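Enquirer: need a 3D model of the sequence below.
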Amino acid sequence: MTDSNPITIDSNKNIQETALKLNVFVHIYGVLSRTQIEDLFQHYGYSTQYLQDAIDTPPDEDAPFAFVHDAQNDRFIDEQLSEMNDEFPDAIPIILEERGRTDIFYPSKLELEAYGSPYYWGASYAWEQFLDFVGGKKFLRHFDPLDCIELCNSLYQSAQVYYATQDDEFPEDDSDSPEKLILEELGIKNVKDQAKVFEMTQKMVSSVRLWAKFGRTLQDCERETPLSDDELQEQYLQNTTPPSDEPLRSTKIPRNAPCPCGSGKKYKQCCGKN
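Expert: Residues are numbered from 1 along each chain as shown. Prediction:
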């Protein structure tokens, strides 16, 4: 009798890889129908053979993102958006209405791979710079690494809500802007530091793939001519490579701290394993 175990292992691996791709797509676009998901897999040349298995498989606790399956409408909603919908019940209809004015945007494959990281908010070095700045300033010592990561999560979600609910595409000087909300939360008094953080958060927000813009960033919305796949790859590399005079330093998370992904495990037993 032949051993069928290797086939099972290969199948489980394929299901897990398909589930990660599915999670990434839902995270980028916020809400997707089954047909839209199948079209995305086809666009990027991914197999849909294990798609239904991935949908039926319980979420992996170590996965950076998760989705909620709305069985009634057979659509898939980013977990953050689903939770956000409790506070903003019109969020999903507004996002779908806004998206109806444009075509879907396809990020580069290189960027898609980056979403496998548990702390990936957008294709901009400014996110890493912000974590380093907030975690290193003496007057902000009360912020530990988990607080800094929570700030980035807060900025990401507020940007999604803000640009989904604004009448004007690019509102200016709005007191509810994500950048100003972060400044208020940090409580920075020094004018130079305020300007630095505001500039960083603007760059961070501009790299968020907005649900209401069907996967476009603010930079993409301002661009008249769409970029080719090669240009998308080049842009991603430029945006995520730190300047030579600003070495990239990662914010360390205590290994015994709760994991920021929300699994309930310690960081060393979850996203900090590798």
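
Enquirer: from here on, just use CA atoms for contacts and neighbour counts.
Expert: Will do.

Enquirer: Tyr106 belongs to a helix, doesn't it?
Expert: No - Tyr106 is assigned coil when assessed by DSSP: H, G, I helix; E, B strand; the rest coil, not a helix.

Enquirer: give the contact list for the nearest residue to it once chain neighbours are set aside.
Expert: Using C-alpha to C-alpha, 6 or more residues apart in numbering and skipping residues adjacent in sequence, the residue nearest Tyr106 is Gly215, 7.2 Å away. By C-alpha atoms under 8 Å, 6 or more residues apart in numbering, the residues touching Gly215 are Ile28, Tyr29, Ile104, Phe105, Tyr106, Pro107, Arg209.

Enquirer: buried subset of these, written for ChimeraX?
Expert: Buried residues among the contacts of Gly215 (16 or more other C-alpha atoms under 10 Å), as a ChimeraX selection:
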select :28,29,105,106,107,209
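
Enquirer: ok, Glu150 to Ala54 distance?
Expert: To Ala54, Glu150 is 28 Å away according to C-alpha to C-alpha, to the nearest Å.

Enquirer: now the contacts of Gly215 in CSV, with distance to Leu232 and pLDDT?
Expert: Formatted as CSV, those follow (distance: C-alpha to C-alpha, whole Å; pLDDT from 0 to 100):
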residue, distance to Leu232, pLDDT
Ile28, 16, 93
Tyr29, 18, 95
Ile104, 15, 94
Phe105, 11, 93
Tyr106, 9, 94
Pro107, 7, 93
Arg209, 14, 94
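
Enquirer: for the contacts of Gly215, give me CSV that also has distance to Ala71.
Expert: Formatted as CSV, the contacts of Gly215 follow (distance: C-alpha to C-alpha, whole Å):
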residue, distance to Ala71
Ile28, 20
Tyr29, 18
Ile104, 23
Phe105, 25
Tyr106, 26
Pro107, 27
Arg209, 25
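
Enquirer: low-confidence ranges in the stretch 151-274 of the chain?
Expert: Within the stretch 151-274 of the chain, the stretches with pLDDT under 70 are 167-175, 243-269, 271-274.

Enquirer: packing partners for the helix or strand containing Ser154?
Expert: Secondary structure from DSSP states H and E places Ser154 in helix 145-165. In terms of contacts (3 or more C-alpha pairs under 8 Å, 6 or more residues apart in numbering; DSSP states H and E), helix 145-165 is packed against helix 91-99, helix 125-136, helix 178-186, helix 191-206.

Enquirer: export that helix as PDB, just CAs?
Expert: Taking Å, rounded to 0.1, in the frame of the first residue of the first chain, the C-alpha atoms of helix 145-165 are listed here in PDB:
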ATOM      1  CA  PRO A 145       6.400  48.900  20.500                       C
ATOM      2  CA  LEU A 146       2.900  47.500  20.800                       C
ATOM      3  CA  ASP A 147       1.500  51.000  21.200                       C
ATOM      4  CA  CYS A 148       3.400  52.100  18.100                       C
ATOM      5  CA  ILE A 149       2.000  49.300  16.000                       C
ATOM      6  CA  GLU A 150      -1.500  50.100  17.400                       C
ATOM      7  CA  LEU A 151      -1.000  53.700  16.200                       C
ATOM      8  CA  CYS A 152      -0.200  52.400  12.700                       C
ATOM      9  CA  ASN A 153      -3.300  50.200  12.800                       C
ATOM     10  CA  SER A 154      -5.400  53.200  13.900                       C
ATOM     11  CA  LEU A 155      -4.000  55.400  11.100                       C
ATOM     12  CA  TYR A 156      -4.700  52.700   8.500                       C
ATOM     13  CA  GLN A 157      -8.300  52.300   9.600                       C
ATOM     14  CA  SER A 158      -9.000  56.000  10.000                       C
ATOM     15  CA  ALA A 159      -7.600  56.600   6.500                       C
ATOM     16  CA  GLN A 160     -10.000  53.900   5.100                       C
ATOM     17  CA  VAL A 161     -13.000  55.500   6.800                       C
ATOM     18  CA  TYR A 162     -12.000  59.100   6.000                       C
ATOM     19  CA  TYR A 163     -11.600  58.600   2.300                       C
ATOM     20  CA  ALA A 164     -14.700  56.500   2.100                       C
ATOM     21  CA  THR A 165     -17.000  59.100   3.700                       C
END
